[in-house]
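Visitor: Build the 3D model from these lines:
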Amino acid sequence: VEGCAEGHEGVLCASCAASFFASVDGSCQSCGSSADTALRVVGLVVLFAVLLGVLLVRAYKSAGEGSSGVVRTLKIVFNHFQTIAIIASIGFQWPSFLRSAFTVSTAASSFTVEGVSLECVMGSAARDPLERSLVMLSMPVWLLAYAAVFWVVEASVDVASAAGHVGSALTGRSSRNLLQRSAPLGSRRHTVVATKHGSAWGRWVRRMKVSVPVLIFLVHTSVTKAAFQMVTCENVAPDDDPSNTQLRLSMSLDTRCDDPSALRWMIGVAVPVLVLFSVGVPIATILTIGRFRARLGEPEIKRLFGFLFFGFRARYEWWEGVNVLRKVLLAGVTVVLGPFGAFNQVGAALLVILCFMAAHAWYRPYTDARFNRLEMASLLASCVTMIAGLFIEGSGSEAVAMFVAPAAIFVANLVFLALVGWQFGVVVRSSTIQ
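Guide: Here you go, the predicted structure:
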C-alpha cells in the first residue's frame with residue numbers, strides 16, 4: 001500500500017502484509033526465512049513445555065508439603081512479567097532491543113501465541129486477527145491437554161519404575177526361596193504392579209486438580225487481553241470523506257464493528273469470555289477461598305487451592321484474586337483506551353497500579369516480609385517502565401528516548417530480578433538447613 005511502512009498495509013496501514021507478523025507492540029516484523037520461523041516456533045514450544053512441566057511438578061509438591069517459597073516467588077515473577085507484557089502493548093515507539101525483550105518475556109510468562117507468529121507458520125489461514133484471537137482464547141484447552149498428557153507420562157514412568165524395582169528384588173532371591181515361595185512372591189509382584197496401575201487414575205485426577213489453578217493463572221492475562229481486543233472499536237474516517245467516520249475494530253481496521261460476522265465474534269465469544277473467565281476467575285477465587293477459609297488446613301483443600309493461598313497471611317488468603325483482578329483492569333484500560341493514544345493508556349494504567357500499590361502497602365498480605373518487598377519492587381518497576389515510556393515517546397531528545405529512558409527501564413527491572421535471585425537463594429538455603 002502506498003505510503004505505508006514496510007510490512008504494513010490496509011486501512012491506516014494497521015494490518016501486516018504477507019510474510020510479516022504482528023509483534024507484541026503491534027508493529028509488523030518480517031517472518032524471515034522458513035528456517036528462522038521453524039527455529040523460533042520450536043524454541044518457544046520447547047520453552048513452554050519445560051516451564052510448564054517444572055511449574056506443574058513444583059505446584060504439586062508444594063500442595064503436599066503445605067507451602068513452597070519457590071512457588072510463591074515464581075508467582076510474583078510471572079505476575080510481574082505478565083504486567084510488563086501488558087505495558088509493552090501500549091502504543092509507544094519502543095526501541096528494537098526493548099521490543100525483543102518484551103516479546104521473550106511475554107511468551108515465557110503468559111504462554112501466549114504472539115511470539116509464535118502464527119501468520120508465518122500458518123500463512124493466509126492466520127491472517128485474520130479475529131481467528132488468531134480465537135487461537136489465543138483456546139489456550140486453556142491446549143494447556144489442559146498438555147497437562148493431561150504430562151501426568152499420564154509421569155504416571156507411566158512411575159509404574160514402570162516400580163515394576164522394575166519389584167522385578168529386581170525377585171531376581172535377587174535365591175533359587176531355593178524362589179522355588180519354595182514362588183506363588184506368594186509371584187502374587188506379591190503382580191499385586192504391587194496392579195496396585196500401582198489401580199491407583200494411576202486416582203493419582204492422575206489429583207494431579208489434574210492441582211494443575212487447573214496453575215494453568216488458569218498462567219493463561220488468564222493473555223486470554224483477557226485477547227478478549228478485550230475483540231470488542232474494542234475506534235472511529236476511522238476515509239481520506240476522501242473525513243466527515244464520514246466509521247466504527248472499525250481496533251485490532252483489524254479492515255473490519256467494521258457493525259459487520260454481522262464481527263458482531264457474532266464479539267457477542268458470542270469475547271463478551272462471554274470477559275464475563276465468565278476474565279472477571280469470573282478473580283471473583284470466584286476470592287469467594288471460594290473465603291468460603292473454605294475455616295478448612296484451608298485440610299489436606300484436600302490444600303491440594304485443590306493451595307497454589308492460590310499459600311504464602312498469604314490469615315484473613316488475606318484470597319489476595320491472589322486481587323492480583324489477578326489488577327491485571328484484568330490493566331489489560332482493560334490499555335486495550336480499550338488504545339484508540340485514544342498512549343498517554344491516556346499510561347495515565348489510566350498508572351492510576352490502576354498506584355491504587356493496588358497503596359492497597360498492598362496498607363495490607364501487606366504475605367506472611368513473609370521479603371515477599372511483600374518483592375511484590376512492591378515489581379509494582380515500582382512497572383511504574384518506572386510506564387513513566388520511562390512517556391519519555392521515550394515525547395521527550396523530544398534522542399539521547400533521552402534511546403538511552404536514558406531505556407536505561408531506567410533496564411535498571412528498574414534488573415533490581416527486581418536481583419531481588420528475585422536473592423529470594424531464591426534464601427529459599428534454597430532454608431530448604432538445605434531443614
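
Visitor: what comes up buried for stretch 414-431?
Guide: Along stretch 414-431, these residues count as buried under the neighbour rule (16 or more other CB atoms under 10 Å): 416, 419-420, 423, 427. No exception for glycine: its C-beta is placed from N, CA and C like everyone else's.

Visitor: Among those residues, which pair sits farthest apart?
Guide: Phe416 and Val427 (16.5 Å; CB to CB).

Visitor: Name the helix or strand for Phe228, please.
Guide: Take DSSP states H and E as the rule and Phe228 turns out to sit in helix 182-231.

Visitor: what's the following helix or strand after that helix?
Guide: strand 233-236.

Visitor: so how far is that following strand from its chain's centroid?
Guide: Distance, stretch centre to chain centre, for strand 233-236: 29 Å (CA atoms, centre = their mean, to the nearest Å).

Visitor: buried set for it?
Guide: 233-234, 236.

Visitor: Mind listing the strands it pairs with, and their directions?
Guide: Sheet partners assigned to strand 233-236 using DSSP bridges are listed as strand 246-249 (antiparallel).

Visitor: who touches the following helix or strand past the partner strand?
Guide: Beyond strand 246-249 on the C-terminal side, the first helix or strand identified by DSSP H and E is strand 252-256. Residues from elsewhere that reach strand 252-256 (CB atoms under 8 Å, 6 or more residues apart in numbering): 10-12, 14-15, 128-130, 234, 236, 246-249, 262.

Visitor: how about 10 Å then?
Guide: 9-15, 127-130, 132-133, 229-230, 233-234, 236, 246-249, 261-263, 265 (CB atoms under 10 Å, 6 or more residues apart in numbering).

Visitor: Quick check on the residues you listed: which are buried?
Guide: Buried subset of these (neighbour count, 16+ other CB under 10 Å): 9, 11, 13-15, 127, 129-130, 132-133, 229-230, 233-234, 236, 246, 248-249, 262, 265.

Visitor: can you give me the end-to-end distance of stretch 9-20?
Guide: From its first residue to its last, stretch 9-20 covers 11 Å (CA to CA, to the nearest Å).

Visitor: and that stretch, how far from the chain's centre?
Guide: The answer for stretch 9-20 is 27 Å, by CA atoms, centre = their mean.

Visitor: One more: stretch 247-262?
Guide: Centre to centre, stretch against its chain (CA atoms, centre = their mean), the figure for stretch 247-262 is 27 Å.

Visitor: what about that stretch, how long is it end to end?
Guide: Start and end residues of stretch 247-262 are separated by 12 Å (CA to CA).

Visitor: again with stretch 333-347
Guide: Using CA to CA, the distance between the terminal residues of stretch 333-347 is 9 Å.

Visitor: Show me what the helix or strand containing Asp36 is packed against.
Guide: Element membership of Asp36, judged by DSSP H and E, is helix 34-65. Of the remaining helices and strands, those touching helix 34-65 by 3 or more CB pairs under 10 Å, 6 or more residues apart in numbering; DSSP states H and E are helix 69-88, helix 96-110, helix 118-122, helix 139-171, helix 182-231, helix 299-309.

Visitor: Any buried residues in it, and which?
Guide: So for helix 34-65, counting by 16+ other CB under 10 Å, buried means 37, 40-41, 44, 48, 51-52, 55-56, 58-60, 62-63.

Visitor: Repeat that for stretch 397-405.
Guide: Here stretch 397-405 shows 400-401, 405 as buried, counting by 16+ other CB under 10 Å.

Visitor: now that stretch: mean pLDDT?
Guide: Mean pLDDT, stretch 397-405: 85.

Visitor: end-to-end on that stretch?
Guide: Span of stretch 397-405 from end to end, CA to CA: 11 Å.

Visitor: any residues touching that stretch, and which ones?
Guide: 92-95, 98, 384-385, 387-395, 406-408.

Visitor: Which of those are buried, as a PyMOL select command?
Guide: In PyMOL, selecting the buried portion of those, with burial taken from 16+ other CB under 10 Å, looks like this:
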select buried, resi 92+94+95+98+384+385+388+389+390+391+392+393+406+408
